[in-house]
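Visitor: no sequence for this one, just the structure:
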DNA sequence: GGGCTGTACTG
DNA sequence: CAGTAC
DNA sequence: GCCC
DNA sequence: AGATG
DNA sequence: CATCT
């Protein structure tokens, strides 16, 4: 049993206990213990098995939680958790994740309506049933609706920070393969979006195909969705971030990078511009020679290329055209790996605070 | 036994 | 004030 | 629940 | 928000 | 309506 997994069970139980309205300080103790376990550089299970050692020696873990942990290691759960799971539906934990809904409200909703799915909850809001309950009104109904919406939007997305770490690890692994020339993240990660739906990596070099194999065999990669000579996709980590790795001919690298960095909308705009300029003659039967020009923004479309955030003393209107999402973000043309690497020197981004401060620590004050 | 972060917003 | 978020 |  | 003056 | 809870 993994430390992270044990911590997860503890936190999960704390959440349910909160819904059930138990003592707040006891609940906090569970959370403190969970957090202590997560940050421990040593296997809890190993300590459990070592007769020389005592779980209660660890800060935040006393007699009660030590017992719970032993039970977890022995059978994968513990009494209190089982009891809670029996009392509340699995969706209770999911509901806790939606903005504006807290433990008290969830409990009330459960007691009065036996709400067991988000769909049901949504329906109750629309039918204006929520306002029948004490302390709940029309405002809350709308707030919950918005919360559900937001929750659904963010489902399946990942924080840039997480994706950047995944990219860093995978790039390093693939670059180590013999004959690989370059491995480059594209997609929304490269655009510096604060959240990412999936990860796109481009590989060039004669070793590219071998790199695809290395990718699907990577220890943290599983659930291979497809694996051919040119492209492989699979899920990364327990979180299941989907990763697409594409092998591209060296000559097409520039165009491929441009294309796969997107966004989709941005590509559409570019193509329309190209068409308007009559530059897409070679693009009739769907087979457009993307490899023809390395960077058709500059060589064909006569758009300015912004080399760095600092080089843009010119009007935004110039930059806006090549900005992937039509917004003025300073990190948009810089790979997120670079951003991640710049964490240590964050806060000096041309004097403009980026929207991606999660990566820096400039907003952490004492 | 007695404490367990502190503050702001919303309704 | 109760509940929620940060 | 944990810690002092 | 709802209660209160 | 301002203020309290």
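Guide: Good, I have the coordinates. Since this is a predicted model, take the numbers as computed values, not measurements.

Visitor: Kindly check the end-to-end length of stretch A:117-136 for me.
Guide: 19 Å (Cα to Cα, to the nearest Å).

Visitor: which outside residues touch that stretch?
Guide: If you take Cβ atoms under 8 Å, 6 or more residues apart in numbering as the criterion, stretch A:117-136 is touched by A:91, A:94-95, A:98, A:105, A:108-109, A:112-113, A:115, A:137-138, A:140-142, A:144-145, A:148, A:151. Glycine gets a C-beta too; all of them are placed from N, C-alpha and C.

Visitor: Buried ones among the residues you listed?
Guide: Among the contacts of stretch A:117-136, those classed as buried by 16 or more other Cβ atoms under 10 Å are A:91, A:95, A:98, A:105, A:108-109, A:115, A:140-141, A:144-145, A:148, A:151.

Visitor: Contact partners for the residue of chain A found nearest DNA strand C?
Guide: The minimum distance from chain A to DNA strand C, using Cβ to the nearest atom of the strand, falls at residue A:102 (2.1 Å). By Cβ under 8 Å, 6+ apart, the contact set of residue A:102 is residue A:96.

Visitor: Quick check: the gap between residue A:239 and DNA strand D.
Guide: To DNA strand D, residue A:239 is 29 Å away according to Cβ to the nearest atom of the strand, to the nearest Å.

Visitor: Show me chain A divided up by domain.
Guide: If you go by automatic domain parsing, the domain ranges for chain A are A:3-153, A:159-353.

Visitor: Make a markdown table out of the ones you listed and add mean pLDDT.
Guide: Listed next are these as a markdown table, based on pLDDT from 0 to 100:
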| stretch | mean pLDDT |
| --- | --- |
| domain A:3-153 | 94 |
| domain A:159-353 | 69 |
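
Visitor: Could you dump the ones you listed into JSON lines and include distance to DNA strand B?
Guide: Output for the domains of chain A, formatted as JSON lines (distance: least, Cβ to the nearest atom of the strand, whole Å):
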{"stretch": "domain A:3-153", "distance to DNA strand B": "4"}
{"stretch": "domain A:159-353", "distance to DNA strand B": "21"}
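
Visitor: just to confirm, which helix or strand has the residue of chain A most remote from its centre in it?
Guide: Relative to the centre of chain A, and counting by Cα atoms, centre = their mean, the farthest-placed residue is residue A:52 at 40.6 Å. Residue A:52 belongs to no helix or strand when elements are defined using DSSP states H and E.

Visitor: How confident was the prediction at the most centrally placed residue in chain A?
Guide: Central residue of chain A (Cα atoms, centre = their mean): residue A:158, 1.2 Å from the mean position. Residue A:158 carries a pLDDT value of 89.

Visitor: Among the buried ones among the contacts of stretch A:117-136, which ones are in strands?
Guide: In strands, judged by DSSP state E, none of these are found.

Visitor: Which of those residues fall in helices?
Guide: Counting by DSSP state H, the buried ones among the contacts of stretch A:117-136 place A:91, A:95, A:105, A:108, A:109, A:140, A:141, A:144, A:145, A:148, A:151 in helices.

Visitor: What is the burial count for residue A:195?
Guide: Using other Cβ atoms under 10 Å, residue A:195 has 15 other residues around it.

Visitor: Looks like it contacts residue A:159 (just checking).
Guide: Yes - with contact defined as Cβ atoms under 8 Å, residue A:195 reaches residue A:159; the gap is 6.0 Å.

Visitor: re the thing from before, now flag whichever of the ones in helices among the buried ones among the contacts of stretch A:117-136 is closest to residue A:236.
Guide: residue A:151 (22.6 Å; Cβ to Cβ).

Visitor: Report the separation between the closest one and residue A:167.
Guide: 26 Å (Cβ to Cβ, to the nearest Å).

Visitor: What strand or helix carries the closest residue to residue A:229 other than its chain neighbours?
Guide: Once flanking residues are discounted, residue A:229 sits nearest to residue A:209: 5.4 Å by Cβ to Cβ, 6 or more residues apart in numbering. Here residue A:209, judged by DSSP H and E, is contained in helix A:208-217.

Visitor: same for that helix, what does it pack against?
Guide: helix A:160-175, strand A:198-204, strand A:221-227, strand A:231-236, strand A:241-247 (3 or more Cβ pairs under 8 Å, 6 or more residues apart in numbering; DSSP states H and E).

Visitor: just the angle between the fourth one and strand A:198-204, please?
Guide: Just to be clear, that refers to strand A:231-236. 140 degrees (axes from the mean of the first three to the mean of the last three Cα atoms, to 10 degrees).

Visitor: and strand A:231-236, what other elements does it pack with?
Guide: helix A:208-217, strand A:221-227, strand A:241-247.

Visitor: between that strand and helix A:208-217, how big is the angle?
Guide: 20 degrees.
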